[in-house]
Structures are given as structure tokens and as C-alpha cells.
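> Any chance you could fold what I've pasted below:
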Amino acid sequence: ANFLKTNGLDPRVLQQVSHVGSDGGRYYKLFVHPESYNHYKFLEGVYEYVGPEKSEFLASPTSSYRSLVVWDKHGKNKVFIAKVSLDRNVIGSIDRLVSINEVERSIANEEAFEEIGTSKLHQNHLDIFPETAGLTISKQHAGAPQKLGGMLIREIPDQVVNRQSRWVSFSTLMSPNRGGKPMIMDVIAKTGMTSEAFVQKYLVEGYMQMFEQISLKQGVNFEPHSQNLCFELTHDLRPTGN
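Here you go, the predicted structure:
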């Protein structure tokens, strides 16, 4: 296996995803989606498989179904997100495996964000879920599939875990499945603005000011969609502008 990490990896997360074996070597945990058991079947007898009964972890999918919120069963350690490989295709031939390229690209992107620094990001009304670690598996084992999926570790900032900030994905903000009306209508009502003025201020001008500074001047390209773009709110649903 190849474990990649940035300098910003939180030690509280690292100690949960790695351990020192009886032989003195350091080993890393690969989180497996229930739909991907067969994808990793070739590793039986090579590495230890820890099933749900013995695992110290519980997990729940987010609006992105292969990004799992992971926490230990005793609630003593820092919560984090494992973006795992899903052995399924969508829209024809597009697979949902976390490729070697994706892991390497994500770690490189995170190193770029760490180089920019959180203070600079905050000045431009941007914050991120840091993707500080990733794991890929060597194809040296017999029976490995042609494309082998790995995983990414995505941290949840302390201010979100501690409920100081509330980050709401746009899939949640806009969802028509909520009882009554979408959450975005409650947010607009809190501001006292018209819908048109709200969209212009927060979703057009506010977003494009950030985009100009981070993408056009710093060179970091975003891939915003409803699952990975969040809107920061106070706990009474007022927008912060981030």
C-alpha cells in the first residue's frame, strides 16, 4: 500500500487510521464500502479484514454516498470523513472508484491550500474540508482488478464539529424533499431580502469574488456541485457570506 499525507494531517485522525503491528511495522486501515466487498476479495488472506461486528468504527453516508462520516463507537476520538471506493458504475461507464490519480491529485491540492494558508482563505470567505491523507493499494497481489480503488481521508474542521459553524451542502439547501419548502427559502426569509437580491449578493457576487481571488489569481480550480459546495450559516439560519 502507499499512504500519502500532507503536513497538515491532524494527529487525532492519523492515530485512528494507522497502527503499529506486532512486527514493529506501521499499518494503515482501508475503509470498505459494503457494496465493494467483492472488489477487495483478492486481499483475503493477505491483509486482516475487520468486519462491522469487530470494527471500532461506525459510519454514515453523506449527500455524497461514497463519502462516509466515520466515528469511533465510544465517541472519544475526532470525527472524520472517509471517501471510499464504490464498485459501481453510473451513467454508463463512469466508475465510482477512488483512483490513484484522484488520491495523488487530492493530496497535491491540499498541499496547495496549506501553502496558501487558512488566514488567506478566510480573508476571501472560503473554508474547506481538508483532504489530508489517502491510501492506494499495489496491484502486485494475484486476482487484483484492472482498476483498483483506494480511499481519501477528509477532515471535518473543529468549528463544524463543535457547532460553532454550520456548513450546509447545496443539495440540502435546495432539496425539495424537505417537508414544506426548501431550506433556502427559510434562509432568504431570515435576511429580509427579496429572492433576487439574495441570489445576487450571496450566490453570484459573493461567490465570484471568492472565485476571482482563489481560482483566477491563485490558480486553484473548483469543481462545484450540489454535493461538495457548502453554504455557511449561523445556527438561526443567517448566512455568513462564506
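> Please name the residues that touch the residue lying closest to residue 150 once chain neighbours are set aside.
Leaving aside its chain neighbours, residue 150 sits nearest to residue 136 (4.0 Å; criterion: Cβ to Cβ, 6 or more residues apart in numbering). Yep, even glycine has a C-beta here, placed from its N, CA and C like the rest. Listed by Cβ atoms under 8 Å, 6 or more residues apart in numbering, the contact partners of residue 136 are 1, 2, 4, 100, 103, 148, 150.
> Quick check: neighbours of the helix or strand encompassing the third one in the sheet, parallel or antiparallel?
Yep, that's residue 4 we're talking about. Assessed by DSSP states H and E, residue 4 sits inside strand 2-5. Sheet partners assigned to strand 2-5 using DSSP bridges are listed as strand 131-136 (antiparallel).
> what mean pLDDT would you report for the partner strand?
Strand 131-136 shows a mean pLDDT of 96 in the predicted model.
> Next, the buried residues of the next helix or strand after that strand.
Sequence-wise, the next helix or strand downstream of strand 131-136 (DSSP H and E) is strand 151-155. For strand 151-155, burial by neighbour count (16 or more other Cβ atoms under 10 Å) applies to 151, 152, 153, 154, 155.
> Report the distance from strand 151-155 to the chain centre.
Centroid displacement of strand 151-155 relative to its chain, using Cα atoms, centre = their mean, to the nearest Å, is 6 Å.
> Next, the angle strand 131-136 makes with it.
160 degrees (axes from the mean of the first three to the mean of the last three Cα atoms, to 10 degrees).
> From the centroid of this structure, which residue is nearest?
residue 154 (4.4 Å; Cα atoms, centre = their mean).
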